[in-house]
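S.K.: Whatever this is, show me its structure:
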Amino acid sequence: MRETTAVDRLVREGRFQRALSLVAGLSSILAGVEVAWEHYKGSYSHRVMYTPVLLSGALAGAGVATAIRPRAARAGLRAVSLLTIIDGLIGFGFHIRGVQRKPAGWRLPVTNIIMGPPVTAPLLFAVSAYLGLIASFLRPEESPGSPLAGVRIPPLSRAFGVVPEVRAGRFQKHLAVATILSTFFSAFEALYSHYKNRFRYKVQWTPILLAPLLMGSAAAAIPFRWAARTVLPFTSLLAILNGTIGFFYHLKGVVERAGGVKLKLYNLMYGPPVFAPLLYSASGFIGLLASLMRREHE
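M.R.: This is a model prediction of the structure:
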């Protein structure tokens, strides 16, 4: 109980840089593997398709480096996170263009979104970079004293008061908005991915049905403190659990394909995306984190 209280206090004071850096690095590896497989299916027809794979490795390395040596956050983790977010936005544009270039383009939106490149996948890839960017502004767990001690605040961030709020752990509303966006991107991917499979199993509906609940509770957490403390952690935990269960279902789907584990590499690439449900869990993690933070200007 005492340890739980100590962890809760560190999170509320924004002193969990090492832990969040590791989470950002791990989620970057999962997203990077998914991207590598998907782009392999596309034969890496454009050189730009290599960039998210390379950046996922760089972000994972920067996350681990920050966990070992917090000084790496300012120089390495922040820069790599920003580059990865930009890369995700550019990738989103390329995927939109990919759908448009399919026969009949946007005149057949449902068919071409299902058969074309996954539209919101690049934005999901940027979620781990977003966590890395947040981590780069936090304080290490053992950091004492003022939240602004020894920090060089960028002029734009100083003008809007962004960095002081983040370093003091006062960015609950900001994380609530991030939860809404991340959940939408992830649920959208799950919707058309499961639609391809004709919703063969009823459990495939659960991430679709849970998404509005998580998004709604995150939206309620913006104006209402009570929603952030009660409803949001509940729906966030459900999303984490749902993503974990989905991970095992996807793994089972790979094993049950023709050839099973004997053709594991082939089945991993052409079976259900194994790590995609864990990215759904990441949305729940952001929501859970939001519920633990303090509110802006508190």
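
S.K.: Apart from its chain neighbours, what residue comes closest to the residue positioned nearest the centre of the chain?
M.R.: Per Cα atoms, centre = their mean, the C-alpha nearest to the average position across the chain is that of residue 127, at 3.4 Å. Spatially, and ignoring its direct neighbours in sequence, residue 127 is nearest to residue 182 (5.1 Å; Cβ to Cβ, 6 or more residues apart in numbering). C-beta: built from backbone N, CA, C; applies to glycine.

S.K.: tally of neighbours for that neighbour?
M.R.: Neighbour count of residue 182, defined by other Cβ atoms under 10 Å: 29.

S.K.: Can you verify it is assigned to a strand?
M.R.: No: under DSSP: H, G, I helix; E, B strand; the rest coil, residue 182 sits outside any strand and is assigned helix.

S.K.: For the chain, which residues score under the pLDDT cut-off?
M.R.: Of all residues in the chain, those with pLDDT under 70 make up the ranges 1-8, 12-14, 142-165, 167-169, 297-298.

S.K.: Pretty sure residue 21 sits against residue 73.
M.R.: Yes: assessed by Cβ atoms under 8 Å, residue 21 is found in contact with residue 73 at 6.9 Å.

S.K.: Need the overlap of contacts for those two.
M.R.: Taking Cβ atoms under 8 Å, 6 or more residues apart in numbering as the contact rule, the neighbours common to residue 21 and residue 73 are 66, 135.

S.K.: rewinding a little: mind checking how far the residue nearest to the centre of the chain is from residue 59?
M.R.: Per Cβ to Cβ, to the nearest Å, residue 127 is found 11 Å from residue 59.

S.K.: what do you get for residue 235?
M.R.: Plainly put, residue 235 is 28 Å away from residue 59 if you go by Cβ to Cβ.

S.K.: of those two, who's got more company?
M.R.: Shown here are residue 235 and residue 59; by other Cβ under 10 Å, residue 59 has more neighbours (30 against 26).

S.K.: Could you find the closest non-adjacent residue to that one?
M.R.: Nearest non-adjacent residue to residue 59, counting by Cβ to Cβ, 6+ apart: residue 28, 4.1 Å away.

S.K.: mind listing what the one you found touches?
M.R.: Residues near residue 28 by Cβ under 8 Å, 6+ apart: 56, 59-60, 63, 84, 128-129, 132.

S.K.: try it again with 7 Å
M.R.: Residue 28 makes contact with 56, 59-60, 63, 128 under the criterion Cβ atoms under 7 Å, 6 or more residues apart in numbering.

S.K.: Let's have those residues in JSON lines, adding distance to residue 251 and secondary structure.
M.R.: Listed next are the contacts of residue 28 as JSON lines, based on distance: Cβ to Cβ, whole Å; DSSP: H, G, I helix; E, B strand; the rest coil:
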{"residue": "56", "distance to residue 251": "21", "secondary structure": "helix"}
{"residue": "59", "distance to residue 251": "24", "secondary structure": "helix"}
{"residue": "60", "distance to residue 251": "21", "secondary structure": "helix"}
{"residue": "63", "distance to residue 251": "24", "secondary structure": "helix"}
{"residue": "128", "distance to residue 251": "21", "secondary structure": "helix"}
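
S.K.: Which of those has the largest number of neighbours?
M.R.: residue 63 (32 neighbours).

S.K.: What sits closest to that residue if chain neighbours are left out?
M.R.: Distances taken as Cβ to Cβ, 6+ apart place residue 25 nearest to residue 63, at 2.5 Å, with adjacent residues excluded.

S.K.: tell me how far the helix or strand hosting the one you found is from the chain's mean position?
M.R.: Here residue 25 sits within helix 17-41, counting by DSSP states H and E. Distance of helix 17-41 from its chain centroid, counting by Cα atoms, centre = their mean, to the nearest Å, is 9 Å.

S.K.: That one: which residues count as buried?
M.R.: The neighbour-count check on helix 17-41 (16 or more other Cβ atoms under 10 Å) flags 17-39 as buried.
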